[in-house]
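> need a 3D model of the sequence below.
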Amino acid sequence: MLTAARGAVGPGPGPLPQAAGRLDRHAAPAAPAAAAVAVPASVVYPVVRWALYLFAASLPFEYPEHTIPLEVHTITGFLFVGAAFLQPRVTFGRWFWAVGGFALYLYIYVVAFALNGGAYHREVARLFILLTQLTFLLWAAANLMRFPSIARATLGALAGACIARALLQFARVATSGRAVFTGGERITAFGQNANVIAWILAAGLVALLGLAYARHDTRPRYRGLIWAAVVLFALVIAETGSRGGLLALAAGVVTFTLGGRGVRGRGRNVFAALVALSVLYWAADHSEVMRNRITETLETGNLAGRERIVPTLWDMFLERPTIGWGPLNNKYELASRIPFQHRAKRDTHNIALEVLTATGVVGALPFFFAVGLCARAAWRARRGRDGILPLALLAVGLVANMSGNWIAAPLFWLVMAYPLASADPLPEQEGPPTPDAPTASVGALRAQSSHVPLRSSSSGLTPPAAAVGRGR
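Here you go, the predicted structure:
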């Protein structure tokens, strides 16, 4: 039986994984110092885990007609971040460079606000607090979702909540419709924005399909029920009339074709993607509002005003390319240049142009550097246990942000956290831990969350060989 060990790993100061009790049997007999110590998910406080699940489950239930100044998912997001600080060594134990990129963007965000006159300070302060919360949320979620069981449960909570939300709309519970000039009505529930709920449901469906097909450890027990859910989601998304949501869903589904182990696995994913795309086409063609809106776009190029917004934003960026117009000020400036509908403020409807016009190139560099790191992590993760699912979910978020500005949408930050976690998963201990396992596991988690580089393997990521010092 191995004893807990202390030692040095190369030149770095990070501690070695410590093993005790049942954790010892997970070490390789030939080279115990080089093996990754399995860590049970129970090392995470239940209140922290369930706060994350509650946050994920709240995302489809935005309620615009609220009487308090915060959205439901904003409240659950603050609850999760607050719970994360109860166990900071676990939730913030591993640093990600993407978090640093977003933190630098927030600093430039404040600088751009000050240099552009400090206009609309109340709105800017509120958005700054929200973006700060979301940065901590990404950091904590990425650390927790390194546990495979927590990642599965989080995606399961999101997918399950999206199924419930889709069923409510399908059953016409608290639904409302808005007639559009192309014909038909855009249907939604609880007064939610049709474009917002469409891309949230798109992410929920991609998570559901990924849990069934994209991951390398899935079981086929419930795949028949999942295809019934695909039809439900397709019908509900189609009746929202959201072209961007439909395109984001299609992008996520197409991404599945890049995954799969071997010819059989990839062929299964391609077949599943083709069937899902066929269902989407059928649902869009049988929805009057979706069919007419797509036809209008193809025949006239009408994009609900985006065909005027995008060139105007680009001109604004060229006028102030360095530090931009300042957060929020860019939206008021945009509205003054596009006076139709007589709005004082107009959204940018594109995350790239939002960042460029609000903070200029100086702010765009760290922001998109961080997004690029998330995309790189998603690509690396495709060979791990989660397969192509992290990349598919990120594709949904990125495509949705091409026709909408969801920089402050909590779901976008969650789908960026997932690849960071999947590219660096923890070897998770299965079965009930012994009484002394949590203490040993915290030590192992701290070691594996240090700056010591990890190398890839087919079963996950393991630390390099270490010199074993004296026993303790």
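
> backbone phi and psi for Arg186, please?
Torsion angles at Arg186 (phi, psi; degrees, to the nearest 10) stand at phi -90, psi 110.

> swap that for Asp386, please
phi -80, psi -10.

> equivalent analysis for Val44, please.
Per degrees, to the nearest 10, the backbone of Val44 is at phi -80, psi 130.

> hang on, isn't it packed against Val90?
Yes - between Val44 and Val90 there is a contact under Cβ atoms under 8 Å: 5.7 Å. Every C-beta, even on glycine, is put in place using the N, C-alpha and C of the backbone.

> can you pull the buried residues of the helix or strand Ala207 falls within?
Using DSSP states H and E, the element containing Ala207 is helix 194-209. Neighbour counts using 16 or more other Cβ atoms under 10 Å place 194-209 of helix 194-209 among the buried residues.

> re earlier: got any residues that touch both of Val44 and Val90?
Leu144 (Cβ atoms under 8 Å, 6 or more residues apart in numbering).

> closest to Ser176 among the buried residues of helix 194-209?
Closest approach to Ser176 among the buried residues of helix 194-209 (Cβ to Cβ): Ala194, at 9.9 Å.

> SS state for the most centrally placed residue in the chain?
Taking Cα atoms, centre = their mean, the centroid of the chain lies closest to Val415, which sits 1.1 Å from it. Here Val415 is recorded as helix under DSSP: H, G, I helix; E, B strand; the rest coil.

> report the contact partners of it.
Per Cβ under 8 Å, 6+ apart, neighbours of Val415: Ala203, Leu393, Leu394, Val396, Gly397.

> mind checking which of the residues you listed are in helices?
Using DSSP state H, the subset of the contacts of Val415 located in helices is Ala203, Leu393, Leu394, Val396, Gly397.

> closest one of those residues to Ala159?
Ala203 (9.0 Å).

> ok, the closest one to Gly252 distance?
From Ala203 across to Gly252, the span is 7 Å (Cβ to Cβ, to the nearest Å).

> list residues touching both of the two?
Counting by Cβ under 8 Å, 6+ apart, the shared contacts of Ala203 and Gly252 are Leu393, Val396.

> make sure Ala119 is indeed in a helix.
No - with three-state DSSP as the criterion, Ala119 is located in coil rather than a helix.

> what segments of this structure are strands?
With strands called from DSSP state E, the chain shows them at 5-8, 175-179, 185-189, 455-457, 460-462, 467-471.

> hey, C-alpha coordinates of the helix holding Ala207 in CSV?
The C-alpha trace of helix 194-209 is given here as CSV (Å, rounded to 0.1, in the frame of the first residue of the first chain):
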residue,chain,number,x,y,z
ALA,A,194,-37.9,34.6,-29.4
ASN,A,195,-34.3,34.8,-30.5
VAL,A,196,-32.9,34.3,-27.0
ILE,A,197,-35.0,31.2,-26.2
ALA,A,198,-34.3,29.7,-29.7
TRP,A,199,-30.6,29.6,-29.2
ILE,A,200,-30.9,28.4,-25.6
LEU,A,201,-33.1,25.5,-26.8
ALA,A,202,-30.6,24.9,-29.6
ALA,A,203,-27.8,24.5,-27.0
GLY,A,204,-30.1,22.2,-24.9
LEU,A,205,-30.8,20.0,-27.9
VAL,A,206,-27.1,19.8,-28.9
ALA,A,207,-26.2,18.9,-25.3
LEU,A,208,-28.9,16.2,-25.4
LEU,A,209,-27.6,14.7,-28.7
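
> from the chain's centroid, how far away is that helix?
12 Å (Cα atoms, centre = their mean, to the nearest Å).

> same check, this time on stretch 89-105
Computed by Cα atoms, centre = their mean, the chain-centroid distance of stretch 89-105 equals 15 Å.

> now the end-to-end length of that stretch.
Terminal residues of stretch 89-105 are spaced 25 Å apart (Cα to Cα, to the nearest Å).

> over to stretch 175-191?
So stretch 175-191: terminal residues 7 Å apart, Cα to Cα.
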